[in-house]
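Asks: My questions are about this predicted structure, shown below with the sequence.
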Amino acid sequence: MSAATHVLEIDGLTLRLPRTARPVLDGVDLTVGASEIVALVGESGSGKSMTLRTALGLLPRQAAVGGSVRVAGEDVLTMTPARLRDLRAGTASMIFQDPRAAINPLRRLGDFLTESARINGGAGGERAVVRARHLLAAVGLTDRVLSQYPHELSGGMLQRIMIASALMNDPGLLLCDEPTTALDVTTQAEIVALLADLRNTFGTGMLFVTHDLGLAAAISDRVFVMYAGRIVEHGPAGSLFGAPRHPYTAALLDSTPRLEAPSERLAAIPGQPPDLRAPLSGCPFAARCAYAIERCRAERPEPENGVACHRAGELVLATVREGDRPRA
Amino acid sequence: MHEMTGGADPVLRVSGLRKTYGVVRAVDDVSFTLDKGRSLGVVGESGSGKTTTARIIVGLEHADTGQVAVAGRDRTESRRHGRAERLRRAREVQMVFQDPFLSLDPRIPVGTALRETLRLHFPRRDGAARVAELLDQVGLGERAAAALPRELSGGQRQRVAIARALAVEPAVLVLDEAVAALDVSVQAQILNLLADIREQTGIGYLFITHDLGVVRCVTDDVVVMWRGAIVERGPTERVLAAPEHPYTRLLLDSVPRPGWDPGRVAADRRALASTAAPSPSSPDHRKS
C-alpha cells in the first residue's frame, strides 16, 4: 500500500512524560488505510488510548514527543493551532467510550450535532441541519431527537448520536476509543453493525481501540497488539488470532474466558504489566513470559515481519483453543 | 431435565421476589435456589433486574413481596434493625462490587480495614493472625497489609475486597460484575482465585454478570433475566449449548467472534423488542 492511500500513518512515535522512567509510547508504527478498520488492542496502561489521541494532536501537557503522526499525509505533531482546529473539525474525528460524558447535558441534541458546522463550516446552520437529518437516518434514529435532551435517550441511542456527530464533516478517519465498552452486548452488536455499514457507505478508515479480543477479531481487517507502549505484534485479524506469533498475544487469548472452551482453570498471565515508574530493559513482557530466555531480559527485540520477539522464529504458539498448549 | 437441582436444604432460597419502581416492574416474580458450594450465574443486560435482585438478597433494597432465605432462615421477614441482627445478617451474605476503589476507604490501610471488619464481627478472636491468613488466601503478601487502596493495582484491590467479604465467613458471596472492570490477564487470575476459594471453603456464589464467557467459566447453573423476569434457567453448559428462549439466543449471538454477523443480531434484537412482554418461563416449555 502506498503512503497516499493511508488516512493515518504513525511512524516511530515516542512520547515521554515527566517523572516516568520509560516512554509511555516507545517507537509506535501503525497505519490505517482508507475504508480499513484497524483494531488496537492491549491492557489498561499499554498506551493504546494515548496513541489514538495523538492522531488528533491531543497530547498531555509537558509531553516530549518524537516521530511523526500523519493524517491524510500531513504531520499532526508540527501543525499550527489553526490547522489542528481544521483537522479536528473535518479530517478526523473521535468517538469516546462514554457518550454521556462527551455530550453537553444542557443542550438539545440538534444543537450538539450542528455546533461544529455552525462554528467552523461557514455554510451556515441550514446545511448542517440537512446533513444532521441525513446522518440520523443513517444511524437509525429519527429527526425527533434533534429537539430532545441527552437524558431522554438510552446509552445506545446516545452513542449513535456520537457517531452521527463524528461523521458530520465527512471525516476520512474515525478514531474509536472503546466505543461499545459501556454498552450491553446486544447494543454493542447494533453499534458495530452500524460502524461497518458506515465504513462501506462513506469509505471511512477507522482505528478502533478495544481490550476485547473477540470484538477486535470480529470487526477488524488488521490488528495491532500493544504492550508497555510498544507494538509487539500486528497482522491480519484472522492470522493474528488464529496463529499468534508473540507470546503476549497468545497469553492474552488464553486468559480470555470463552464460550466454547471447557469450564476449567484459565491460563492466567502471572504478574502485572510493567510500571511506568520503573525503567525497562530488554523485552517488556520478559518478566511474565513463559518462553523468556536470558537474551529477552538483556536486549530489546526489534519488530521483524510484524512481531517483536527474539524467539518468534522458533516458537510455535498454539492457543488453548487448539487444546495442545502446555499449561504453566 | 430443565429444573435446577434444588437440594434438600439450599443455602440460598429466593422465592417470588417482586419490586416495582413506579410503573416499572424491576423484579417480577423471581425465584431460584443455590445449593451449598455451588455457583449460580445471573445474566441479562442493564435494566433486566439482575442487580436489583442481588441488592434485595444482600439487604440493600427491600422487596415488595417475596422471600429470601439463607440456610432456611428468612432474611426478608425480620425488619428489625438492631445491631446484633444486622451483623448476623451480614455474616450470611456478603457482596463484592465492580469497582473496588469505591468500596474501600481511601485513607485506611488494607490490613486495618480487614481488622476493623473482624473486630466488629468477632471481638474475641485474634485479628492479626486472621488478617495474615485472609491476605494469604487471596494471594496478597503480608506487605499489602500496610498499603493504601490507591497504592494497589485494580486486581489487587479486588483481591482486598474479596478478602474483606470472606472475613466474616459468609455462606453466600454475591459478586456483582466483580471482574468486569479488570483486564483479561488479571481477570483470569481473579476467576481462578474464586474457583480455589470455593473449592476450599464450600462457599456458594451468586455471580451477576453480562459476560457469557465468564458465566461459562465459573458457574454450574445459570438463570437468564429479561425485563425483570427469569426467562430461562438450567445447567450452564446446557443453556449455553442449547438455549431455548429467544432472548438467551440473542445474548449468545451477540458475543463477537470471527464470522460474526452484527447486522443479523441487530435485526433479531429489534424483532424481540417488538414482541409482547415475556411470560416467565415454564421449565417444560421447549421451542423446537
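Replies: Great, that's in hand.

Asks: C-alpha only now, for contacts and for neighbours.
Replies: Will do.

Asks: And stretch B:107-117, how far out from the chain middle?
Replies: On the basis of C-alpha atoms, centre = their mean, to the nearest Å, stretch B:107-117 sits 24 Å off its chain's mean C-alpha point.

Asks: what does it rub up against?
Replies: Taking C-alpha atoms under 8 Å, 6 or more residues apart in numbering or on different chains as the criterion, the residues outside stretch B:107-117 that touch it are B:105, B:127-128, B:131, B:144-149, B:160, B:163-164, B:167-168.

Asks: Which member of those residues is positioned nearest chain A?
Replies: Nearest to chain A among these: B:Ala144, at 15.0 Å, using C-alpha to the nearest C-alpha.

Asks: The closest one: neighbour count?
Replies: Using other C-alpha atoms under 10 Å in any protein chain shown, B:Ala144 is surrounded by 19 other residues.

Asks: what's the closest non-adjacent residue to it?
Replies: Among residues not flanking B:Ala144 along the chain, B:Val110 sits closest, at 6.8 Å (C-alpha to C-alpha, 6 or more residues apart in numbering or on different chains).

Asks: what does chain A put close to chain B?
Replies: A:43-44, A:184-190, A:192-194, A:211, A:214-215, A:217-218, A:238, A:252, A:255-259, A:262-270, A:272 (C-alpha under 8 Å from any C-alpha of the partner chain).

Asks: And the helices in the chain?
Replies: Because you didn't say which chain, this covers chain A. The residue ranges that make up the helices of chain A, judged by DSSP state H, are A:48-54, A:81-86, A:99-102, A:109-116, A:125-138, A:155-166, A:185-202, A:213-219, A:237-242, A:247-255, A:294-298.

Asks: other chain: chain B
Replies: Counting by DSSP H, chain B has helices at residues B:50-58, B:83-92, B:100-103, B:110-121, B:127-137, B:154-167, B:184-201, B:212-218, B:236-241, B:246-253, B:262-273.

Asks: which residues sit against the longest one?
Replies: The set of residues external to helix B:184-201 that reach it, using C-alpha under 8 Å, 6+ apart, is A:43, A:252, A:255-257, A:265-270, A:272, B:37, B:137-139, B:155, B:159, B:179-180, B:203-205, B:218.

Asks: Buried ones among these?
Replies: By neighbour count, with 16 or more other C-alpha atoms under 10 Å in any protein chain shown, those hold A:43, A:252, A:255-257, A:265-270, B:37, B:137-139, B:155, B:159, B:179-180, B:203-205, B:218 as buried.

Asks: Let me see the contact set for A:Ser68.
Replies: Applying C-alpha under 8 Å, 6+ apart, one finds that A:Ser68 lies in contact with A:Ile10, A:Asp11, A:Gly12, A:Leu13, A:Asp75, A:Val76, A:Leu77.

Asks: among the residues you listed, which two are most distant?
Replies: Taking C-alpha to C-alpha as the measure, these reach their widest spread between A:Gly12 and A:Val76, a distance of 13.8 Å.

Asks: These two: who's more crowded?
Replies: Here A:Gly12 and A:Val76 are set side by side on neighbour count (other C-alpha under 10 Å), and the busier one is A:Val76, at 20 against 15.

Asks: contacting residues for that one?
Replies: A:Thr54, A:Ala55, A:Leu56, A:Gly57, A:Ser68, A:Val69, A:Arg70, A:Leu84.

Asks: gap between stretch B:55-74 and the chain center?
Replies: Its chain's average C-alpha position is 14 Å from that of stretch B:55-74, according to C-alpha atoms, centre = their mean.

Asks: same deal with stretch A:58-66?
Replies: On the basis of C-alpha atoms, centre = their mean, the separation between the geometric centre of stretch A:58-66 and that of its chain is 19 Å.

Asks: Quick one: end-to-end distance for it.
Replies: The straight-line separation of the ends of stretch A:58-66 (C-alpha to C-alpha, to the nearest Å) is 14 Å.

Asks: For the stretch 1-150 of chain B, which residue gets nearest to chain A?
Replies: The stretch 1-150 of chain B approaches chain A most closely through B:Glu45 (5.7 Å), counting by C-alpha to the nearest C-alpha.

Asks: Can you tell me the closest non-neighbouring residue to that residue?
Replies: Once its chain neighbours are removed from consideration, B:Glu45 has its nearest residue in A:Asp184; the separation is 5.7 Å (C-alpha to C-alpha, 6+ apart).

Asks: how about that neighbour, phi and psi?
Replies: Note on A:Asp184: backbone dihedrals following degrees, to the nearest 10 are phi -60, psi 160.

Asks: hmm, back to that, turn the helices of chain A into CSV, columns for mean pLDDT.
Replies: Listed next are the helices of chain A as CSV, based on pLDDT from 0 to 100:
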stretch, mean pLDDT
helix A:48-54, 93
helix A:81-86, 90
helix A:99-102, 88
helix A:109-116, 89
helix A:125-138, 86
helix A:155-166, 89
helix A:185-202, 86
helix A:213-219, 90
helix A:237-242, 90
helix A:247-255, 93
helix A:294-298, 95
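
Asks: I'd like the ones you listed written out as CSV, with distance to B:His210 added.
Replies: What follows is the helices of chain A, written out as CSV (distance: least, C-alpha to C-alpha, whole Å):
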stretch, distance to B:His210
helix A:48-54, 24
helix A:81-86, 40
helix A:99-102, 20
helix A:109-116, 30
helix A:125-138, 28
helix A:155-166, 16
helix A:185-202, 8
helix A:213-219, 15
helix A:237-242, 24
helix A:247-255, 18
helix A:294-298, 39
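
Asks: Tell me which other helices or strands the least confident helix or strand in chain B by mean pLDDT touches.
Replies: The element with the least model confidence among the helices and strands of chain B, by mean pLDDT, DSSP states H and E, is helix B:100-103, at a mean of 78. Helices and strands in packing contact with helix B:100-103 are listed as helix B:154-167; criterion 3 or more C-alpha pairs under 8 Å, 6 or more residues apart in numbering or on different chains; DSSP states H and E.

Asks: Is any residue of the helix it packs on near chain A?
Replies: No - if you take C-alpha under 8 Å from any C-alpha as the test, helix B:154-167 misses chain A, and the best it gets is 9.1 Å.

Asks: where along the stretch 201-328 of chain A do the strands fall?
Replies: Assigned by DSSP state E, counting those that start in this stretch, the stretch 201-328 of chain A shows strands spanning A:205-210, A:222-227, A:230-236.

Asks: Need the ones you listed in CSV (columns: mean pLDDT).
Replies: Putting the strands of the stretch 201-328 of chain A into CSV (pLDDT from 0 to 100) gives the following:
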stretch, mean pLDDT
strand A:205-210, 95
strand A:222-227, 96
strand A:230-236, 96
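
Asks: Please produce a markdown table containing these, extended by distance to A:Ile103 and mean neighbour count.
Replies: Compiled in a markdown table, the strands of the stretch 201-328 of chain A are given as follows (distance: least, C-alpha to C-alpha, whole Å; neighbours: other C-alpha atoms under 10 Å in any protein chain shown):
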| stretch | distance to A:Ile103 | mean neighbour count |
| --- | --- | --- |
| strand A:205-210 | 20 | 25 |
| strand A:222-227 | 29 | 25 |
| strand A:230-236 | 32 | 23 |
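
Asks: Can I get these in a markdown table including distance to B:Glu61?
Replies: Supplementary listing: the strands of the stretch 201-328 of chain A in a markdown table, determined by distance: least, C-alpha to C-alpha, whole Å:
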| stretch | distance to B:Glu61 |
| --- | --- |
| strand A:205-210 | 35 |
| strand A:222-227 | 43 |
| strand A:230-236 | 47 |
